[in-house]
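**Student:** 3D model of this:
(2 chains)
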Protein chains: 2
Amino acid sequence: MDISKEFVFSDKIRKKYLKTERGLEIPFKEVSLENGEKILLYDTSGEYFDNKNPEIKKVRKEWISNRERMTQMAFARKGIVTEEMEFVAKREDTTPEFVRKEVASGRAIIPSNINHPEIEPMIIGSKFLVKINANIGSSAIVVDEEMELMKMKVSIISGADTVMDLSTGGNLKKIREKILRASCVPVGTVPIYEAFERAKRKIEKLDFPLFKDVLIEQAEQGVDYFTIHAGILKSHIEKALKRTTGIVSRGGSIMASYICSSGKENFLYTNFGEILDILEKYDVAISLGDGLRPGSIADANDEAQFAELKTLGELTKVAWEKNVQVMIEGPGHIPLNLIAENMTLEERYCFGAPFYTLGPLVTDIGAGRDHITSAIGGALIASLGASMLCYVTPKEHLGLPNLNDVKEGIYAHKIAAHAADVARGNKMALNWDLLMSEARRDFRWEDQFALSLDPQLSRKLFEEGGKNREKGEDFCTMCGPDYCPMKITKRLKKVQNHTLT
Amino acid sequence: MDISKEFVFSDKIRKKYLKTERGLEIPFKEVSLENGEKILLYDTSGEYFDNKNPEIKKVRKEWISNRERMTQMAFARKGIVTEEMEFVAKREDTTPEFVRKEVASGRAIIPSNINHPEIEPMIIGSKFLVKINANIGSSAIVVDEEMELMKMKVSIISGADTVMDLSTGGNLKKIREKILRASCVPVGTVPIYEAFERAKRKIEKLDFPLFKDVLIEQAEQGVDYFTIHAGILKSHIEKALKRTTGIVSRGGSIMASYICSSGKENFLYTNFGEILDILEKYDVAISLGDGLRPGSIADANDEAQFAELKTLGELTKVAWEKNVQVMIEGPGHIPLNLIAENMTLEERYCFGAPFYTLGPLVTDIGAGRDHITSAIGGALIASLGASMLCYVTPKEHLGLPNLNDVKEGIYAHKIAAHAADVARGNKMALNWDLLMSEARRDFRWEDQFALSLDPQLSRKLFEEGGKNREKGEDFCTMCGPDYCPMKITKRLKKVQNHTLT
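**Tutor:** Predicted coordinates for the structure are as follows:
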């Protein structure tokens, strides 16, 4: 994929900033339609909008320097509306006060490390647009810093709301620094990976002091949320090892190894208070990892999974006492008929903290197209209340995704997230669909391209029907002119009054 | 796409025939695993299994010649188990008597024209595996007979359970004949298209006698099911024209035009009895067309749609009186939160007749990847009881699909159908997923490829991780050797007894 040739937007789509009361500039994509209508779309692309190599703005720099060091949750609970809250309120077409209330209650989070001024704030919660995360990062056997940066860029341009740097190979700190300084969306990590690296991948050398050092360094760098597998306990492991596919979370399997090897309890659980103190200081949100998520349909909704979920709920309460923002990670491989139970129990056990799910994948046999199996489950669980979907790429179960895999993974999950927004009755989402359908009805092809999730692709596929076809012709190669129902309907509307009496 | 290079199955996958009591030979794909286990998978590929150009067998020839001419429903109601019923019972791992009862009740159909001996019988009903249909056929501006035949072949090899020839351009009879004689799966058509062609695409020239001629000719040729838009009535049209996207069904818009132009009622409705007489004679199943399916989220579940659905229910009863097998076509564009109501009302209004849906597409803005928007809705509605999904390709709304679009459309909907089978608790489907997950756990890569829905693709994506990698290595490029949770779990199982006390 040559990304300089991708994402060439039509001149119908422009960057537009709306100002808030305090004068903050909130980014949107403005699509101008042939009939004079305009629509503002949520935009994650930041300075990468036009696919150039921009100078990255430090959007939050002034805000942070002018305030006391507290978490967004602490501010919210004190009744203070931060710039971040005002920013996301405008992005989501709601009021700052509503945002504040949701953050105060823990039902929504604004991941925004005080040392990550580059981000355009975004919110994750069930009352807001459904978000998606793209996992990027090197692996032990594939290390290419520039490629991972490129993946970040493709992710952001394609619509990822956050990225997670899951690097486990190469110079972790350096690659993370590059990603953080170039990213206008929140960045998440799984610090246990770096701790494990520093322990030379020897489980006996892993301990809390080592982990704590990593945590402080990453927080200092500006990571916005940490996945921490504090919920996997000694008492869960036997249950998990009985399963068809055991433990399929990398972090979960590392902590299980630690527990088995040391005979001790999970040090992330026993030192949770100290972890929270660090997170609070930098306002790093915690993403409570689901180390025991099911890795196969056979293991879905089992004892091990829900035992851990209950523990995550206990930890949520503890974190909230320290004003640390929390989200809960969710499965995994779950059949369609068991998805609703996941959402119900997460809400019950975790007191409404945002649910951040990996899929779920609704079958095990989709290798090669697991972005689709995941989009199916993701759309359903988000329509029921999940707040963010972690993407899955076509390479899932097979290898590290390349640029194209990243793009396909993102678009599949953008579809899932948007479909859930529509199902949740989000007005911005419904209006977008409406304008698209009106453009379709009226044969405004350029408007249709501009309004589709992937304008480049929809135009390309349309043009495969014939390169010399004039714009504005009122049919496509599917039906041809005489069988086009839209065209026939148009005619009918003109004559209906004469005949339908 | 060079299809001679596609679908090169591994030697782990072979064709296997099981014999029934009566000696019928029922086709499966047998996958032999490294651990000695075997699994039989449902197989639609017929003689195309090895992607050669086979001589097509006339599987049903003898069965038909030895019996009275009655429909499958008539036989079932008389308590007679036909060869077709025995055939599908074995395919679905159930009893012939169960199949007979389902067909007798109208809850399932076996589309099988007495003049289409080439098909391997299959059943469509909520108690059986979810099926998928692939639409192929020329359009007025793209006519390529060989290409459409190729699409049929790709469809069948990829797993389409039926194909619909929706040709509206070129020599319709000739292309249909080619498809019928080469197809081992049931073939559906929309006869009003040919009638409209014969009327020189002039609505004033369209009438029932002309339609009837077409119907008889197509039934005589061997078409297994007809989509007939008999449910769109004069009283519905005003409701439909008020919508955002009006009428988006080609057949529906033709009939609406007829009604508006003539001032008369839909002749498919007024002559329904005569239509049924023809269908009964050849045992052509009727697929009651949803001419008023919503074409946008804004129109979903509206008055027009459900008024027509109610009419389809009335027609179902009439058809059953003549022992004509019936399925009901469904939407269309429906948001996730309104899908369940479609299934509920279809079951209520149409007395449990199989529901055959186009998607539903869960958002309007997916152009370019509408196979995914459709797979999401399709998976959900099938998990709730729909019997067959009509595929949607990435070209939907943009143009006529090419070979690759057909393939992508099919696989997306195979995923949806299988995910629904899993959710419905189908034992064959659950076992397939289980064996896949066990192969994954045990790092049997060749088994994983063979067990994935698309063995070629999963192998190809895996091999992108490194061409020289030896088979059988126990990790992939995603995690590398030290972070592989499956590998770690494996080790843990060995040590757990020592440590977890």
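**Student:** Okay, residue A:371 and residue B:319: tell me how far apart.
**Tutor:** Shown here: residue A:371 relative to residue B:319, a distance of 41 Å by CB to CB, to the nearest Å. (C-beta placed from N, C-alpha, C; glycine too.)
**Student:** Looking at the two now, which is surrounded by more residues?
**Tutor:** Neighbours per residue, other CB atoms under 10 Å in any protein chain shown: of residue A:371 and residue B:319, the larger number sits with residue A:371, 29 against 26.
**Student:** Can you classify the residue nearest to the more buried one when sequence neighbours are not counted as helix, strand or coil?
**Tutor:** Take residue A:371 and drop its neighbours on the chain: the residue closest to it by CB to CB, 6 or more residues apart in numbering or on different chains is residue A:412, 4.1 Å away. For residue A:412, the assignment made with DSSP: H, G, I helix; E, B strand; the rest coil gives helix.
**Student:** Now do the same for residue A:475: its pLDDT.
**Tutor:** Per-residue confidence (pLDDT) for residue A:475: 71.
**Student:** burial of the spatially closest residue to residue A:401 that is not a sequence neighbour, as a residue count?
**Tutor:** Residue nearest to residue A:401 in three dimensions, not counting chain neighbours: residue A:393, with 4.0 Å by CB to CB, 6+ apart. Counted with other CB under 10 Å, the neighbours of residue A:393 add up to 26.
**Student:** if I've got this straight, residue A:393 is in a helix?
**Tutor:** No. Applying three-state DSSP, one finds residue A:393 to be coil, outside a helix.
**Student:** That one and residue A:371 touch, don't they?
**Tutor:** Yes. Residue A:393 is in contact with residue A:371 according to CB atoms under 8 Å; the separation is 5.6 Å.
**Student:** Give me the common contacts of those two.
**Tutor:** A:408, A:409 (CB atoms under 8 Å, 6 or more residues apart in numbering or on different chains).
**Student:** What helices and strands are in contact with the worst-scoring helix or strand of chain A on mean pLDDT?
**Tutor:** One helix or strand of chain A scores below all others by mean pLDDT, DSSP states H and E: helix A:485-499, with a mean of 76. If contacts are counted by 3 or more CB pairs under 8 Å, 6 or more residues apart in numbering or on different chains; DSSP states H and E, helix A:485-499 sits against helix A:427-441, helix B:234-241, helix B:250-262.
**Student:** and those, which is most packed in?
**Tutor:** helix B:250-262 (a mean of 24; mean count of other CB atoms under 10 Å in any protein chain shown).
**Student:** what about that one, distance to the chain center?
**Tutor:** Between the centre of helix B:250-262 and the centre of its host chain there is 27 Å, according to CA atoms, centre = their mean, to the nearest Å.
**Student:** got the contact list for it?
**Tutor:** Helix B:250-262 is contacted by residues A:479, A:483-485, A:488-489, A:491-492, A:495-496, A:499-500, B:168, B:190, B:192-193, B:196, B:203-204, B:206, B:227, B:229, B:232-234, B:237, B:240, B:247, B:264-268, B:289-293 when judged by CB under 8 Å, 6+ apart.
**Student:** cool, stretch A:281-288 as well?
**Tutor:** A:69-72, A:109, A:111-115, A:188, A:219-220, A:223-228, A:230-231, A:275-276, A:278-279, A:312, A:315-316, A:319, A:324-329, A:356.
**Student:** Helices along the stretch 51-200 of chain A, start to end?
**Tutor:** A:61-65, A:72-77, A:83-91, A:96-105, A:145-158, A:172-182, A:191-198 (DSSP state H, counting those that start in this stretch).
**Student:** For the shortest one, output the C-alpha coordinates as CSV.
**Tutor:** The C-alpha atoms that make up helix A:61-65 are tabulated as CSV, following Å, rounded to 0.1, in the frame of the first residue of the first chain:
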residue,chain,number,x,y,z
LYS,A,61,-0.4,22.2,26.3
GLU,A,62,-1.8,25.4,27.7
TRP,A,63,-4.8,23.8,29.3
ILE,A,64,-2.6,21.5,31.3
SER,A,65,-0.1,24.1,32.3
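**Student:** How far off centre is that helix?
**Tutor:** With CA atoms, centre = their mean as the basis, helix A:61-65 stands 25 Å off its chain's centre.
**Student:** State the mean pLDDT of it.
**Tutor:** 96.
**Student:** Can you mark which positions in it are buried?
**Tutor:** By neighbour count, with 16 or more other CB atoms under 10 Å in any protein chain shown as the criterion, the buried positions of helix A:61-65 are A:63, A:64.
**Student:** any low-confidence regions in chain A?
**Tutor:** Where chain A drops to pLDDT under 70, the residues are A:8-9, A:467-474, A:496-501.
**Student:** Relative to residue A:20, how far out is the nearest residue to residue A:63 once chain neighbours are set aside?
**Tutor:** Nearest non-adjacent residue to residue A:63, counting by CB to CB, 6+ apart: residue A:83, 4.1 Å away. Distance, residue A:83 to residue A:20, using CB to CB: 9 Å.
**Student:** out of these two, which sits in the more crowded spot?
**Tutor:** Using other CB under 10 Å as the criterion, residue A:83 and residue A:20 rank with residue A:83 on top: 21 against 15.
**Student:** The more buried one reaches residue A:60, doesn't it?
**Tutor:** Yes. Between residue A:83 and residue A:60 there is a contact under CB under 8 Å: 7.2 Å.
**Student:** Quickly list what's touching both of the two.
**Tutor:** Common contacts of residue A:83 and residue A:60, defined by CB under 8 Å, 6+ apart, comprise residue A:121.
**Student:** Return the residues of the stretch 1-150 of chain A in contact with chain B.
**Tutor:** Contacts of the stretch 1-150 of chain A with chain B, taken as CB under 8 Å from any CB of the partner chain, map to A:139, A:140, A:141, A:142.
**Student:** which residues does the second one contact?
**Tutor:** Contact criterion CB under 8 Å, 6+ apart gives A:168, A:169, B:479, B:480, B:481, B:482, B:483 as the residues in contact with residue A:140.
**Student:** report the angle between the axes of the strand or helix carrying residue A:381 and helix B:370-383?
**Tutor:** In this structure, residue A:381 sits in helix A:370-383 according to DSSP states H and E. Relative orientation of helix A:370-383 versus helix B:370-383 (axes from the mean of the first three to the mean of the last three CA atoms, to 10 degrees): 60 degrees.
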